[in-house]
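> coordinates only, sequence not included:
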């Protein structure tokens, strides 16, 4: 069956249909392109402000934030697993995308990435008197570090989508969305696999998609359709918008303590319209049914 499918060329059937749909949609979105064009310069100015932050500073803040997520976990009994699993959580997404495109992970091309993370990991988890973590736990510092992680992730999602379009062509849908999600959540998926192998019970993101997966999927879809399908926005402007939205959510959620999950209504509508049941939620070592009650509970938290 697989051999027979490999022999078929579906592109000959699908490409003309996709091209026709794209042309029709581009004509209908011409008004949006014209309306948004005066805002391009302002949005590019915002993007330049993000570029002012040196990568080295973002790296340190990102490393501190990810390392802090692994305090008081079952990994603490095995420090090698604690280090490498947390490192995978921090840099696994970009590494997976690079490997898929036959490129080396960034941390193999630059010693600074692994060494910086190792120092931050030690200071957050094992510094004398826990002084570093106490300083990190101050709200402004913690919020800034989480924001740095969000900026790096959002950029990685955008770059992964654009990279997939360059390799597979602008008419493809699956590959750009796949690599966009992988570029944003690949580290989380690898961490879940490690937890499963080590027998550590925790929610598995791939089985129970949360804000992490839904937000990067919507971001990837936005980059794909706004830039490469409908040509509504230039690439740099679309990236600035996507990064800004995720950054605003990250900062707002950290400062208010509310989830601010704007993807929850999309999830609720999807399951309501499709009839597909919501994935069960891990609790107390087992699974409990969920559905509309989960959405209502999230709503109460936000309100």
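Good, I have the coordinates. In this text the structure is predicted, and so the values were computed from the model without any measurement.

> Quick check: phi and psi at the nearest residue to residue 183 once chain neighbours are set aside.
Distances taken as C-beta to C-beta, 6 or more residues apart in numbering put residue 160 closest to residue 183, at 3.1 Å, once the chain neighbours are dropped. In this view, the C-beta of every residue, glycine as well, is placed from N, C-alpha and C. Here is the backbone geometry of residue 160 (degrees, to the nearest 10): phi -70, psi -40.

> I figured residue 160 hits residue 182, correct?
Yes. At 6.6 Å, residue 160 and residue 182 qualify as touching, with contact defined as C-beta atoms under 8 Å.

> The two - which one has more neighbours?
Using other C-beta atoms under 10 Å as the criterion, residue 160 and residue 182 rank with residue 160 on top: 30 against 23.

> still on that earlier bit, which residues do residue 160 and residue 182 both contact?
The overlap between the contact sets of residue 160 and residue 182 (C-beta atoms under 8 Å, 6 or more residues apart in numbering) consists of residue 97.

> The spatially most central residue of the chain in helix, strand or coil?
The chain has residue 184 as the residue nearest its centroid, 2.7 Å off, counting by C-alpha atoms, centre = their mean. In three-state terms, and counting by DSSP: H, G, I helix; E, B strand; the rest coil, residue 184 is helix.

> list the contacts for it?
Per C-beta under 8 Å, 6+ apart, neighbours of residue 184: 93, 153-154, 156-157, 160, 212, 215-216, 219-220.

> Narrow those to those in helices?
Among the contacts of residue 184, DSSP state H puts 93, 153-154, 156-157, 160, 212, 215-216, 219-220 in helices.

> which among those residues gets closest to residue 190?
Taking C-beta to C-beta as the measure, residue 190 sits nearest to residue 93 out of the ones in helices among the contacts of residue 184, at 8.5 Å.

> How about that closest one, nearest residue that isn't a chain neighbour?
Distances taken as C-beta to C-beta, 6+ apart place residue 186 nearest to residue 93, at 3.7 Å, with adjacent residues excluded.

> you'd agree the one you found is up against residue 98?
No. Between residue 186 and residue 98 there is no contact under C-beta under 8 Å: 10.2 Å.

> hey, what's in contact with both of those two?
Common neighbours of residue 186 and residue 98, using C-beta under 8 Å, 6+ apart, do not exist here.

> Could you check which of the two has the larger neighbour count?
The residue with more neighbours, out of residue 186 and residue 98, is residue 186; 25 against 19, by other C-beta under 10 Å.

> Now do that one, the pLDDT please.
Predicted confidence (pLDDT) at residue 186: the value is 95.

> How about residue 15?
Residue 15 carries a pLDDT score of 64 in this model.

> what about residue 261, which SS state?
Applying three-state DSSP: residue 261 is coil.

> And for it, nearest residue in space, chain neighbours not counted?
Closest residue in space to residue 261, ignoring its immediate chain neighbours: residue 211 at 4.9 Å, by C-beta to C-beta, 6+ apart.
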